[in-house]
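Visitor: Sequence and predicted model, in that order:
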There are 2 protein chains.
Amino acid sequence: MANSVELANPNLADMSSDFLYHLAINVPNTKDTSELQKQFGDVRVICVGGTASRMRELAIYLGKTLNIPNSAEPVDLCKQGNRYAVFKVGPVLCASHGVGSSTFSVVLHELLKLVKYAKCQDPIFIRIGTCGGVGVPPGTVVVTKDAYNGLLNNEHEIFILGERVVRPAHFHKDVMLAIVACGQQSDGFDTINANTMSTDCFYEGQGRIDGAVCHYNNEQKMQFLQRAHAKGIRNIEMEATMMASLTLQAKVKAADICVTIVNRLNGDQVCGDSEGKVPLSLEQKKNFEHRPFLIVGRYLQKLLSN
Amino acid sequence: MANSVELANPNLADMSSDFLYHLAINVPNTKDTSELQKQFGDVRVICVGGTASRMRELAIYLGKTLNIPNSAEPVDLCKQGNRYAVFKVGPVLCASHGVGSSTFSVVLHELLKLVKYAKCQDPIFIRIGTCGGVGVPPGTVVVTKDAYNGLLNNEHEIFILGERVVRPAHFHKDVMLAIVACGQQSDGFDTINANTMSTDCFYEGQGRIDGAVCHYNNEQKMQFLQRAHAKGIRNIEMEATMMASLTLQAKVKAADICVTIVNRLNGDQVCGDSEGKVPLSLEQKKNFEHRPFLIVGRYLQKLLSN
């Protein structure tokens, strides 16, 4: 049986109204959310990703793939908030979250409240992103199993009321396996499940030596990346631990599916070949970015036909 | 005597080319950056802030205030990168950084490399933002002195090569005092210097009780905010510790100037009155957001006339 979302925040019961500030969505009466239910109640999947333009492309692609009428020109429903873009195509929301956990956590809290108020049934959150690879060729699609932080621990650290709080950070096993199973041999690229490291800094946090500040050398960097590889980490991005942790706290299913655009064992700069010598062309980047769309599209076709 | 920026990364000397990926700025030859010097060499101030639309407004405002010719329709120089917007009006860049440290640190690393390659002289980085206030009326402009993290420590924590690294996090005293001195009694609002807390989470990290997840009550929240207040913290945002820390590492001058849009001692939701009872109107928000523009505009008039 499908269920509405019950969030782990008893204080929400005491709020008569709410305003999802960064989405610019008003909830004038939390006891009667029939308007929000009409607009969003049919949502079963919330796709999220970095940029508004990519999320718009995804919305258009899923509209076609899922045969959603009138989905060729999706409208940004949260334009007034000026921060995040949210498109709706049938039972799927596509929302942008910016780069990294800090910006993503803001919109994830508000999207979780939105699906609660709209009484969405068993919504699944799926992040679709780009990432660095660790020991896999650029263009590989990685679906995250366990999320590791920059200390190479499989957990999420967050400071709450002045205390360091450590929370588990893994994704929903069945959703992960079902998405990986959507990869096909004829795709021309691999779709794998593996562990993901996520960091709050793209340069020093990920052991890059080409940032504005760097106090280590290439050898130390390689040792770090090899330690990550030994923990089953095959990709590095900036969102997985927070997303895994917060969705576990909120008791909603979630997945993270990213395409690698560099093999960090060969270099720091974004490259299109497996040796890390040729810069990624714009065409290649578009091609790579489309790969998780393809896999998620197949997954949603199966999911929504049930 | 003015100086070019020398970044604390010896590895950069070994790179023959560079690509500022998220800005989509190519540096084909790091030994001859004359093209970048022509385009950006005159830049003396880099203003940064959350949204592209606000940074565009700031660029237009500063263009008028500083009498920069042809500045009414600034062009986004980094549109191709799809992530951040960068506008140039005379000797001032205005760049968007998104919400929070993770996204801001990416663009800050790349802007620091840009001013190094372009041989800008003594560039000053100024963040202009909105924030929550702690014991000050909404609309107060706060210029940050010391930046505190969510543990209420005046430092920045970052995970590098699997280790927890702790770095100092304060802003440049002379720049801070010079900006505060631009506030005038007739402004109708206060411009103060104070400490700032910055967090990686808008909800749990800032002690809000209206997020999707919350395991504490209002009393515990208030105790936390009072502890922050006792440390001289008068505003809370999501960028100060990282910005202070990274600009200190890079040895460039920096400042953070934010307008408060809520007094957290009165409530969590964004409000326009000092009691926290009336929601902030769009007009009030525009008015509040303009206040740091006014102060920074006066500061730049003085700075650039020297």
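Guide: Done, it's in.
Visitor: for the stretch 101-250 of chain A, what spans make up the strands?
Guide: A:124-133, A:141-148, A:155-160, A:163-168, A:191-198, A:233-237 (DSSP state E, counting those that start in this stretch).
Visitor: and the residue sitting nearest the centre point of chain A, bridged to which residues?
Guide: Compute the mean C-alpha point of chain A, and by C-alpha atoms, centre = their mean the closest residue is A:Arg127, 2.2 Å away. Partner residues in beta bridges with A:Arg127: A:Val48, A:Asp256, with DSSP bridges as the criterion.
Visitor: which ones are touching it?
Guide: Residues touching A:Arg127, when contacts are defined by C-beta atoms under 8 Å, 6 or more residues apart in numbering or on different chains, comprise A:47-49, A:97, A:239-240, A:243, A:254-258. In this view, the C-beta of every residue, glycine as well, is placed from N, C-alpha and C.
Visitor: any idea how far A:Leu294 is from it?
Guide: For A:Arg127, the distance to A:Leu294 under the criterion C-beta to C-beta, to the nearest Å works out to 16 Å.
Visitor: got it, and A:Asn11?
Guide: Look at A:Asn11 and A:Leu294: by C-beta to C-beta, they are 41 Å apart.
Visitor: Tell me which stretches of the stretch 201-306 of chain A form helices.
Guide: Applying DSSP state H, counting those that start in this stretch to the stretch 201-306 of chain A gives helices spanning A:218-230, A:240-249, A:282-305.
Visitor: Can I get the strands of the stretch 101-250 of chain A in CSV including mean pLDDT?
Guide: As requested, these are exported to CSV (pLDDT from 0 to 100):
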stretch, mean pLDDT
strand A:124-133, 97
strand A:141-148, 98
strand A:155-160, 98
strand A:163-168, 98
strand A:191-198, 98
strand A:233-237, 98
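Visitor: Tell me which of these sits nearest to A:Gly41.
Guide: If you check each of those against A:Gly41 by C-beta to C-beta, strand A:124-133 wins as the nearest, at 15.5 Å.
Visitor: Put the alpha carbons of the closest one into PDB.
Guide: What follows is strand A:124-133 as a C-alpha-only set of coordinates in PDB (Å, rounded to 0.1, in the frame of the first residue of the first chain):
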ATOM      1  CA  ILE A 124      11.200   8.500  -4.800                       C
ATOM      2  CA  PHE A 125      14.000  11.100  -4.900                       C
ATOM      3  CA  ILE A 126      16.600  10.600  -7.700                       C
ATOM      4  CA  ARG A 127      19.700  12.800  -8.200                       C
ATOM      5  CA  ILE A 128      21.100  12.900 -11.700                       C
ATOM      6  CA  GLY A 129      24.500  14.500 -11.900                       C
ATOM      7  CA  THR A 130      28.000  14.600 -13.300                       C
ATOM      8  CA  CYS A 131      31.000  13.600 -11.300                       C
ATOM      9  CA  GLY A 132      34.700  12.600 -11.300                       C
ATOM     10  CA  GLY A 133      35.500   8.900 -11.800                       C
END
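Visitor: any idea of the angle it forms with strand A:141-148?
Guide: Our comparison of strand A:124-133 with strand A:141-148, counting by axes from the mean of the first three to the mean of the last three C-alpha atoms, to 10 degrees, yields an angle of 90 degrees.
Visitor: for strand A:124-133, the distance to its chain's centre please.
Guide: With C-alpha atoms, centre = their mean, to the nearest Å as the basis, strand A:124-133 stands 4 Å off its chain's centre.
Visitor: Can you tell me how far the nearest residue to A:Met242 once chain neighbours are set aside is from A:Ala244?
Guide: Nearest non-adjacent residue to A:Met242, counting by C-beta to C-beta, 6 or more residues apart in numbering or on different chains: A:Ser101, 3.7 Å away. Using C-beta to C-beta, we find A:Ser101 at a distance of 11 Å from A:Ala244.
Visitor: Check A:Val296 too.
Guide: Relative to A:Ala244, A:Val296 is positioned 17 Å away (criterion: C-beta to C-beta).
Visitor: and stretch A:2-9, how far apart are its ends?
Guide: 21 Å (C-alpha to C-alpha, to the nearest Å).
Visitor: Cross-check the contact I'm expecting between A:Phe202 and B:His109.
Guide: Yes - counting by C-beta atoms under 8 Å, A:Phe202 touches B:His109, with 7.1 Å between them.
Visitor: hey, what's in contact with both of those two?
Guide: Residues touching both A:Phe202 and B:His109 comprise A:Gly211, with contact defined as C-beta under 8 Å, 6+ apart.
Visitor: Taking the stretch 101-250 of chain A, what residue is nearest to chain B?
Guide: Proximity to chain B, evaluated over the stretch 101-250 of chain A using C-beta to the nearest C-beta, is greatest for A:Ser102 at 2.4 Å.
Visitor: roughly how far apart are that residue and A:Glu57?
Guide: When C-beta to C-beta is the yardstick, A:Ser102 and A:Glu57 sit 24 Å from each other.
Visitor: Have a look at these two and say which one is more surrounded.
Guide: When A:Ser102 and A:Glu57 are compared for neighbours, A:Ser102 comes out ahead with 29 against 19, by other C-beta atoms under 10 Å in any protein chain shown.
Visitor: Okay, buried residues for the helix or strand hosting A:Lys38 please.
Guide: Mapping A:Lys38 onto the secondary structure by DSSP states H and E places it in helix A:34-40. Neighbour-count burial for helix A:34-40 flags A:36, A:40 (criterion: 16 or more other C-beta atoms under 10 Å in any protein chain shown).
Visitor: Show me what that helix is in contact with.
Guide: Judged by C-beta under 8 Å, 6+ apart, the contacts made with helix A:34-40 from elsewhere in the structure are A:25, A:27, A:88, A:93, A:114-115, A:117-120.
Visitor: swap the cut-off to 7 Å and go again
Guide: Under the contact criterion C-beta atoms under 7 Å, 6 or more residues apart in numbering or on different chains, helix A:34-40 has outside partners A:27, A:114, A:117-120.
Visitor: Now flag whichever of the residues you listed is closest to B:Gln80.
Guide: Ranking the contacts of helix A:34-40 by separation from B:Gln80, with C-beta to C-beta as the measure, puts A:Leu114 on top at 32.0 Å.
Visitor: how many other residues sit next to the closest one?
Guide: Under the neighbour criterion other C-beta under 10 Å, A:Leu114 is assigned a count of 29.
Visitor: what do you get for A:Tyr216?
Guide: When neighbours are defined as other C-beta under 10 Å, A:Tyr216 has 16 of them.
Visitor: quick one on the thing from earlier: burial-wise, tell me which of the helices of the stretch 201-306 of chain A comes out on top.
Guide: Each of the helices of the stretch 201-306 of chain A was assessed for mean neighbour count using mean count of other C-beta atoms under 10 Å in any protein chain shown. The highest is helix A:240-249, with a mean of 27.
Visitor: now that one and strand A:163-168, what's the angle there?
Guide: Put simply, helix A:240-249 runs at 80 degrees to strand A:163-168, going by the same axes, to 10 degrees.
Visitor: Now helix A:240-249 - C-alpha only, PDB.
Guide: Coordinates of each C-alpha in helix A:240-249 appear next as PDB, following Å, rounded to 0.1, in the frame of the first residue of the first chain:
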ATOM      1  CA  ALA A 240      25.700  12.100  -2.000                       C
ATOM      2  CA  THR A 241      26.300  11.900   1.800                       C
ATOM      3  CA  MET A 242      23.900  14.800   2.600                       C
ATOM      4  CA  MET A 243      21.300  13.400   0.200                       C
ATOM      5  CA  ALA A 244      21.600   9.900   1.500                       C
ATOM      6  CA  SER A 245      21.500  11.100   5.100                       C
ATOM      7  CA  LEU A 246      18.600  13.500   4.900                       C
ATOM      8  CA  THR A 247      16.400  11.100   2.800                       C
ATOM      9  CA  LEU A 248      17.100   8.400   5.400                       C
ATOM     10  CA  GLN A 249      16.100  10.700   8.200                       C
END
